[in-house]
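Undergrad: Okay, here's the prediction I keep looking at, along with the sequence it came from:
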There are 2 protein chains.
Amino acid sequence: MVEGTPKTVVMKFGGTSVAGAEEIKRAARRIVAAREAGARVVAVLSARGKTTDELVASALEISERPEPREMDMLLSTGERISCALCAMAIHDMGHKAISLTGSQAGIVTDSSHTKARIIDVKADRIREALSEDRIALVAGFQGVSTESHDVTTLGRGGSDTTAVALAAALDADVCEIYTDVAGVFSADPRIVPDARKLTFTSYEETLEMAASGARVLQLRSVEYARNHGVRIHCRSSFDDGEGTLVVTEAEVKARAKQENVEQPSVTAVTHTDDEARVTLVGIRDEPGVAGEIFNALAEAGINVDVIIQNEPVGDDELADLSFTIDRSELTAATDALSALGDVSQGVRTDDRIGKVSIIGAGMRSHPGVAAKVFEVLGGEGINIEMISTSPIKISCVISADRVPDAVRVLHQAFELGADAVRPEEPEGAEHRPTVSG
Amino acid sequence: MVEGTPKTVVMKFGGTSVAGAEEIKRAARRIVAAREAGARVVAVLSARGKTTDELVASALEISERPEPREMDMLLSTGERISCALCAMAIHDMGHKAISLTGSQAGIVTDSSHTKARIIDVKADRIREALSEDRIALVAGFQGVSTESHDVTTLGRGGSDTTAVALAAALDADVCEIYTDVAGVFSADPRIVPDARKLTFTSYEETLEMAASGARVLQLRSVEYARNHGVRIHCRSSFDDGEGTLVVTEAEVKARAKQENVEQPSVTAVTHTDDEARVTLVGIRDEPGVAGEIFNALAEAGINVDVIIQNEPVGDDELADLSFTIDRSELTAATDALSALGDVSQGVRTDDRIGKVSIIGAGMRSHPGVAAKVFEVLGGEGINIEMISTSPIKISCVISADRVPDAVRVLHQAFELGADAVRPEEPEGAEHRPTVSG
């Protein structure tokens, strides 16, 4: 930021932060406060509370498989309502505001209705509003398709992506994501009461957290932020405390150095407890069988998480192939496999599967982390059924009912707790769940 | 309509006709039936049931005087929801449909937010949809402003105007207005049980009816239809019976001749019972005082209906000036008058005022009609306090509590009843109120 140039801030408020009239006024006050502090402010709003769910329900009353284009026309109304109401509140506070639809804000997408991707941001109208000293309120989650000029939506949680994309296009100083929790935590505070709010995390760590169960930020928005160098500040809309900054790994390191703290090997423990495992026993021994299986799953729209294939022991042994998926997709997965015919001798499923992961950029320079994870879980009598790793993450697939124990012992073993690292935590941060996007 | 060319039909469904999932499916079936009968179909939908009222309430929770531009952004979502849901229903019936916002449908307006006027209709996108064999579903009541490309709304009942404007732009064969009543009646059937559903009325008569209390069609939509020669068919969305055709006076006459019926002098009796009267006693005797008074009322946004000024009797007498307004605007009117200072010696108000009107193009050639009205009301002991006339209408301002009696005796005296003219009325038409737009 050049000295003297006004700061540009994009502020995003989630559904619970605009749920009722009081919440909208509270968001309006925060927006106005930022404006009065001298910033040029763009605010991206989600639909109010349960609005999107209600709209989906009314569509399902009409049709079992609503036409995607019409679904987008329907769902996009929720965010527009939030923006119009918030603009009214800001006007009453004596400031100028203008609400903009995704289309008016220049969010240009492809034509994949209900899961469109942003392909361009033509923020001229926002720039014009800012130069006229207005606060721009943008309907999140939506855009306009480049060819047919139809309303599109970006998929659930897409408002985060709207905010980050606008921050990138406007070269904003920061993209603030306001939710009902205080930031990104070292573990889910509902499971680990002394979970610590992180001051900084890197894009890479945040991506791994988002992918391994922490409902922290929409994965795509973090990718977009990393690719365009957008600083994200996750914070609570209900108190003024600092939240968590998501920035480059270099900045995280520099900050640690500045504060004279050694970078820890592990930053956070994340988990899921709603997975299922499918095991294909004795898969047909010929090239291309695995490809056939995962193509069939992909065509059914099923996201496969961890995959392992055990090596056959003897010459006439066949290999077993296991993978994990979202529990809600188990029936669809077994249906897709049945349709393939005799790819294996049998299919076993387990719908009580969970996963615990430890994440930390510091892992790269601490080779003993994996060993310690296995030792800690083993010491607790928790059986590791599958393992998946990346340079900054170790995930262990375990029984769903052991997930809370696993999170607790790992959090303690790697000394991630507030008690271990910093005894004084800002008020109100302790008993909140991990950020949901 | 040229032989062989497909018919183009604009169908408009009001709020009660799309209130719930069942109603939307019923509207979809009617639309599909018209399409299957070979017509090119454009359907204009209102917001569902109470949606607009709920949106207004949520705005008033935020602000006492919501910003008009934002009000339009807010309210325009209601019709979009109806259109998206109806498009889904039509898809499920195996037809292609596309929902369009007012902007996408090319409804270009001026910038008078919450009461915009249509200044152009660029229906290219609708024509394209029709040529692709699609049913076009257009969000009523809204447009886009020509300069700033903001969402605008046309005021309450504006969906009728959207439908008529599209019918004009597309040179449609008919504009069908579907509501919860069967057509235009000779009087409100809640007051006159034998009120007759009219087969035809002229634009002029319909305008007078709309202006004198019949909640038949939005006044502006009838004006638009007359100016552009759009045939309107008012009918029920709940049964298949024919409704009322609103056409030129020449066509009404031709039909009457064809059916060998003499055109009646009076077509319908309309009424209001929610007016108030303001009397300025002894207004200041100088030029321009009346102008000053009515300017002040106009600036306060108050619609004045009937005005009379009595002539002073002696040389030093001052004139009294009386006018009627909507009862809900009485406080605003007296406030506006107080602000003017001493334009009169005093102000008297009466908030129990109603009006009964008889309407009929045939009145022009039947000079005795006014005399008969006064005689009939006098015979019933009903005091006429003010009179206002046009070539095809006579309105009498009376006490609100005598309105039902006045409607009944006039309806009977001019032999407008179904029993008098045609004893057999289609089933279900009798006990319905006059069409509400």
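TA: It's in.
Undergrad: how much space between residue A:237 and residue A:206?
TA: 20 Å (CB to CB, to the nearest Å). Just so you know, the C-beta spots here come from the backbone N, C-alpha and C atoms, and that holds for glycine as well.
Undergrad: quick one, which of the two is more surrounded?
TA: Set side by side, residue A:237 and residue A:206 show more neighbours around residue A:206, with 29 against 22, by other CB atoms under 10 Å in any protein chain shown.
Undergrad: That one contacts residue A:222, correct?
TA: Yes. Counting by CB atoms under 8 Å, residue A:206 touches residue A:222, with 5.0 Å between them.
Undergrad: Common neighbours of those two, please.
TA: A:232, A:246 (CB atoms under 8 Å, 6 or more residues apart in numbering or on different chains).
Undergrad: can you give me the helices in the stretch 51-200 of chain A?
TA: A:51-62, A:68-75, A:77-92, A:124-131, A:158-169 (DSSP state H, counting those that start in this stretch).
Undergrad: Dump those to a markdown table, plus distance to chain B and mean pLDDT.
TA: Below are the helices of the stretch 51-200 of chain A laid out as a markdown table (distance: least, CB to the nearest CB, whole Å; pLDDT from 0 to 100):
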| stretch | distance to chain B | mean pLDDT |
| --- | --- | --- |
| helix A:51-62 | 4 | 94 |
| helix A:68-75 | 4 | 96 |
| helix A:77-92 | 4 | 97 |
| helix A:124-131 | 9 | 96 |
| helix A:158-169 | 17 | 96 |
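Undergrad: could I get those as CSV with mean neighbour count?
TA: Below are these laid out as CSV (neighbours: other CB atoms under 10 Å in any protein chain shown):
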stretch, mean neighbour count
helix A:51-62, 17
helix A:68-75, 25
helix A:77-92, 27
helix A:124-131, 17
helix A:158-169, 28
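Undergrad: With distance to residue A:343 added, can I get those in a markdown table?
TA: Output for these, formatted as a markdown table (distance: least, CB to CB, whole Å):
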| stretch | distance to residue A:343 |
| --- | --- |
| helix A:51-62 | 34 |
| helix A:68-75 | 31 |
| helix A:77-92 | 43 |
| helix A:124-131 | 52 |
| helix A:158-169 | 36 |
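Undergrad: per-domain residue ranges of chain A.
TA: Domain ranges of chain A: A:8-260, A:269-414, per automatic domain parsing.
Undergrad: Can you name the residues of the stretch 151-300 of chain A sitting close to chain B?
TA: Proximity of the stretch 151-300 of chain A to chain B (CB under 8 Å from any CB of the partner chain) is limited to residues residue A:151.
Undergrad: in the stretch 151-300 of chain A, what residue is nearest chain B?
TA: Here the stretch 151-300 of chain A gets closest to chain B at one residue, residue A:151, 7.9 Å apart by CB to the nearest CB.
Undergrad: If I look at that residue, what pLDDT would I see?
TA: Residue A:151 is assigned 96 on the pLDDT scale.
Undergrad: One more: residue A:259?
TA: Residue A:259 is assigned a predicted lDDT (pLDDT) of 83.
Undergrad: any idea how far it lies from residue B:348?
TA: 80 Å.
Undergrad: between the two, who's got more neighbours?
TA: residue B:348 (12 against 9).
Undergrad: Touching, residue A:173 and residue A:5? I think so.
TA: No. Using CB under 8 Å, residue A:173 is not in contact with residue A:5, being 9.5 Å away.
Undergrad: Of the two, give the one with the bigger neighbour count.
TA: More neighbours surround residue A:173 than the other of residue A:173 and residue A:5, with 19 against 9 (other CB under 10 Å).
Undergrad: Counting neighbours, what do you get for the residue nearest to residue A:69 when sequence neighbours are not counted?
TA: Closest residue in space to residue A:69, ignoring its immediate chain neighbours: residue A:113 at 4.9 Å, by CB to CB, 6 or more residues apart in numbering or on different chains. A count of nearby residues for residue A:113, using other CB under 10 Å, gives 19.
Undergrad: and what of residue A:64?
TA: Using other CB under 10 Å: residue A:64 sits among 8 other residues.
Undergrad: try residue A:256
TA: 16.
Undergrad: now residue A:117
TA: Neighbour count of residue A:117, defined by other CB under 10 Å: 16.
Undergrad: Pull the contacting residues for it.
TA: Contacts of residue A:117 (CB under 8 Å, 6+ apart): A:109-110, A:154.
Undergrad: Distance of the residue lying closest to residue A:207 once chain neighbours are set aside relative to residue A:203?
TA: Once flanking residues are discounted, residue A:207 sits nearest to residue A:222: 5.1 Å by CB to CB, 6+ apart. Plainly put, residue A:222 is 6 Å away from residue A:203 if you go by CB to CB.
Undergrad: of the two, who's got more company?
TA: Taking neighbours as other CB under 10 Å, residue A:222 and residue A:203 compare with residue A:222 leading, 28 against 23.
Undergrad: Secondary structure class of the more buried one, three-state.
TA: helix (DSSP: H, G, I helix; E, B strand; the rest coil).
Undergrad: now do the one 5 residues further on
TA: When states are read from three-state DSSP, the local structure at residue A:227 comes out as helix.
Undergrad: same check, this time on residue A:367
TA: Here residue A:367 is recorded as coil under three-state DSSP.
Undergrad: Quick check: phi and psi on it?
TA: phi -70, psi -20 (degrees, to the nearest 10).
Undergrad: Quick one, grab the pLDDT at it.
TA: Looking at residue A:367, its pLDDT is 78.
Undergrad: where in the stretch 301-437 of chain A is pLDDT low?
TA: The stretch 301-437 of chain A contains residues with pLDDT under 70 at A:313-315, A:419-437.
Undergrad: hey, where'd the strands end up in it?
TA: A:304-310, A:320-326, A:344-359, A:386-390, A:393-399 (DSSP state E, counting those that start in this stretch).
Undergrad: Give the buried residues for the first one.
TA: The reference is to strand A:304-310. The neighbour-count check on strand A:304-310 (16 or more other CB atoms under 10 Å in any protein chain shown) flags A:304-306, A:308 as buried.
Undergrad: ok, now the fourth one?
TA: For strand A:386-390, burial by neighbour count (16+ other CB under 10 Å) applies to A:386, A:388.
Undergrad: Which positions within stretch A:259-279 qualify as buried?
TA: Using 16+ other CB under 10 Å as the test for burial, stretch A:259-279 gives A:263-273, A:275-279.
Undergrad: ok, residue A:200 - contacts?
TA: Shown in contact with residue A:200 (CB under 8 Å, 6+ apart): A:244-247, A:251-252, A:255.
Undergrad: rewinding a little: can you select the buried ones among the contacts of residue A:117 for me in ChimeraX?
TA: A single ChimeraX command is used to select the members of the contacts of residue A:117 judged buried by 16+ other CB under 10 Å:
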select /A:109,154
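Undergrad: Export the contacts of residue A:117 to JSON lines and append columns for pLDDT.
TA: JSON lines is the format used below for the contacts of residue A:117 (pLDDT from 0 to 100):
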{"residue": "A:109", "pLDDT": "96"}
{"residue": "A:110", "pLDDT": "95"}
{"residue": "A:154", "pLDDT": "94"}
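Undergrad: So which of the contacts of residue A:117 belong to strands?
TA: Among these, DSSP state E puts residue A:109 in strands.
Undergrad: Could you tell me the end-to-end distance of stretch A:306-319?
TA: 17 Å (CA to CA, to the nearest Å).
Undergrad: cool, stretch A:199-206 as well?
TA: 13 Å.
Undergrad: And the average pLDDT for it is what?
TA: For stretch A:199-206, the per-residue pLDDT averages 94.
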